[in-house]
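A.B. asks: Here is a sequence together with a model predicted from it:
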Amino acid sequence: MHAIRQHAFGPADVLRYELLPDPVPADGQVRIAAQACGVHVIDTAIRRGVQTGAYPLPDLPMVPGREVAGTVDAVGPGVDARWVGRRVVAHLGMAAGGYAELAVADLAALHEIPDGLAAEVAVAAIGTGRTAVGILEVAALTATDVVLVTAAAGGLGLLFVQAARLAGATVVGAAGGPAKVRRVLDQGADLAVDYLRPDWPAEVRRALGGRAVTVVLDGVGGAAGRAALELLDAGGRLVFFGWSSGEPLALTTQDLYRLGISAAAGIGPRLLRRPGGLGALETAALGEAAAGTLVPVVGQTFPLAEAAAAHTAIETRGTVGKVVLVP
């Protein structure tokens, strides 16, 4: 099979397209002939040698990637042969091996892809979608909310825009650059602003005409996250879930007292320890996507051989929505 192999930590060009032996499913595993391989921002950090969250740095060489959708083409010992031919999607967890034409997954990790759902959308739902569902549980959006989403043109951000609209809330999306601002508006945001412009908070205040932001969903951190925080009204909720800017949002108990707000981390142990765990979130995300209520936006697809270009696009913020590799 062809796969992407990483022999060293470093820039995107350490990702090499190579011919490797076909993997063989072990006891309790299946092999998936991949049709779509998800690319996550965590993949880029691991590639550079930066440990992120619960994901340890792997031993090298290795095949990166943890999100795969396709068709089962072989089963290991103890697995019902009737799985062969089924369309499935799986998150490989702490394992790797997703950037490949063939990938093995534990039977317990499999979800059948609902009829009519494209493999690219399913692979986005199994990773980005499950995270969005978990964060939205924390945010508890209502029709009375004014929701500000930073990085609103990203894979998570576009799902948050959809969810806020579905809840009946007023939706403000902040994204980097005019093209991304347009995409956020296309998804139905009531207002979209370019957070690369220094005056964007004032633009939000003017556009809201006296209404205040009640919820901030922030995955950018740094200066943009701080500006979003300062827009929150008393009693507002801040839910943070990362820092794509490279700098975490600086937040102190003094901020909470001064602004009269609450703050919560939307990822991490909260997701891992919820009832049903990550598997339940994956099932929920796939169900939402199949029903058309929360549908991940696949912004760009790259051939498997161009995984390095996909990583570069993510790191230079040149992407909108989910990035997927196609073998």
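C.D. replies: Here it is on my side, so go on. Numbering: from 1, shown residues only.
A.B. asks: Please make it C-alpha for all contacts and neighbour counts, starting now.
C.D. replies: OK.
A.B. asks: pLDDT score for residue 53?
C.D. replies: For residue 53, the pLDDT comes out at 66.
A.B. asks: And for the residue lying closest to residue 219 once chain neighbours are set aside, the neighbour number?
C.D. replies: Using C-alpha to C-alpha, 6 or more residues apart in numbering and skipping the chain neighbours, the partner closest in space to residue 219 is residue 242 (4.4 Å). The tally of other residues near residue 242 (other C-alpha atoms under 10 Å) stands at 18.
A.B. asks: mind listing the helices in the stretch 51-200 of the chain by residue range?
C.D. replies: Ranges of helices within the stretch 51-200 of the chain are 119-124, 130-139, 155-167, 178-186, 200-208, based on DSSP state H, counting those that start in this stretch.
A.B. asks: So for the chain, the centremost residue is which one?
C.D. replies: With distances taken as C-alpha atoms, centre = their mean, residue 128 lies nearest the centre of the chain, 3.0 Å away.
A.B. asks: Tell me the pLDDT of that residue.
C.D. replies: At residue 128, pLDDT is 93.
A.B. asks: Make sure it is actually in contact with residue 158.
C.D. replies: No - using C-alpha atoms under 8 Å, residue 128 is not in contact with residue 158, being 10.6 Å away.
A.B. asks: overlap in contacts of these two?
C.D. replies: Jointly contacting residue 128 and residue 158 under the rule C-alpha atoms under 8 Å, 6 or more residues apart in numbering are residue 296.
A.B. asks: Can you report how many residues neighbour residue 81?
C.D. replies: Neighbourhood size, residue 81 [other C-alpha under 10 Å]: 14.
A.B. asks: Report the contact partners of it.
C.D. replies: By C-alpha under 8 Å, 6+ apart, the contact list for residue 81 reads 74, 75.
A.B. asks: change it to 7 Å
C.D. replies: Counting by C-alpha atoms under 7 Å, 6 or more residues apart in numbering, residue 81 touches residue 75.
A.B. asks: cool, residue 2 as well?
C.D. replies: 17, 18, 19, 20, 100, 101 are the contacts of residue 2 under C-alpha under 7 Å, 6+ apart.
A.B. asks: For it, which non-adjacent residue is closest in space?
C.D. replies: The nearest residue in space to residue 2 (C-alpha to C-alpha, 6+ apart) is residue 19, at 4.5 Å.
A.B. asks: What is the burial count for the one you found?
C.D. replies: With neighbours defined by other C-alpha under 10 Å, the count for residue 19 comes to 12.
A.B. asks: Residue 101 now?
C.D. replies: Counted with other C-alpha under 10 Å, residue 101 comes out at 22.
A.B. asks: now residue 70: how far from residue 325?
C.D. replies: Distance of residue 70 to residue 325, given as C-alpha to C-alpha, to the nearest Å: 12 Å.
A.B. asks: Those two: which has the busier surroundings?
C.D. replies: When neighbours are counted by other C-alpha under 10 Å, residue 70 and residue 325 differ, and residue 70 comes out ahead with 28 against 25.
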